[in-house]
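Undergrad: model this:
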Amino acid sequence: MPRFLVASLIFAAAVLAWIWIVGAIGIWWTLRHPPAPVPGTDTYFMTSSWIYRLAAVLPLILFSAWYWRRISRAA
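TA: I've put the predicted structure just below:
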């Protein structure tokens, strides 16, 4: 199997694993800290600051950049 294909499969598996991990943490957090209803409405508002979104996405972006640079050098 070509080296680039193997590296791409490893990369895809790592991305999926990261999504599963972040999703599991998000589900766990939501179950432990249920959202409160917004006063005057029947809706729920998830307080999600930009820092939490950045914390979930930044490692994936950094890993992607590092891994693709490594693959392109090897190919």
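Undergrad: Next, count neighbours for residue 34.
TA: 8 (other C-beta atoms under 10 Å). Just so you know, the C-beta spots here come from the backbone N, C-alpha and C atoms, and that holds for glycine as well.
Undergrad: what about it, is that helix, strand or coil?
TA: coil (DSSP: H, G, I helix; E, B strand; the rest coil).
Undergrad: Can you tell me which helices and strands the helix or strand encompassing residue 53 packs against?
TA: Applying DSSP states H and E as the criterion places residue 53 in helix 50-74. In terms of contacts (3 or more C-beta pairs under 8 Å, 6 or more residues apart in numbering; DSSP states H and E), helix 50-74 is packed against helix 3-32.
Undergrad: what's the angle between the helix it packs on and helix 50-74?
TA: 170 degrees (axes from the mean of the first three to the mean of the last three C-alpha atoms, to 10 degrees).
Undergrad: Pull out the buried positions in helix 3-32.
TA: Neighbour-count burial for helix 3-32 flags 7, 11, 18 (criterion: 16 or more other C-beta atoms under 10 Å).
Undergrad: ok, now which ones touch the second one?
TA: Residues counted as contacts of residue 11 (C-beta atoms under 8 Å, 6 or more residues apart in numbering) are 64, 67-68, 71.
Undergrad: buried sites along the helix holding residue 53?
TA: 56, 67, 71.
Undergrad: ok, and what's touching the helix or strand bottoming out on mean pLDDT in the chain?
TA: When each helix and strand of the chain is scored by mean pLDDT, DSSP states H and E, helix 50-74 comes last, with a mean of 78. With C-beta under 8 Å, 6+ apart as the test, helix 50-74 has contacts from 3-4, 7-8, 11, 14-15, 18, 22, 26.
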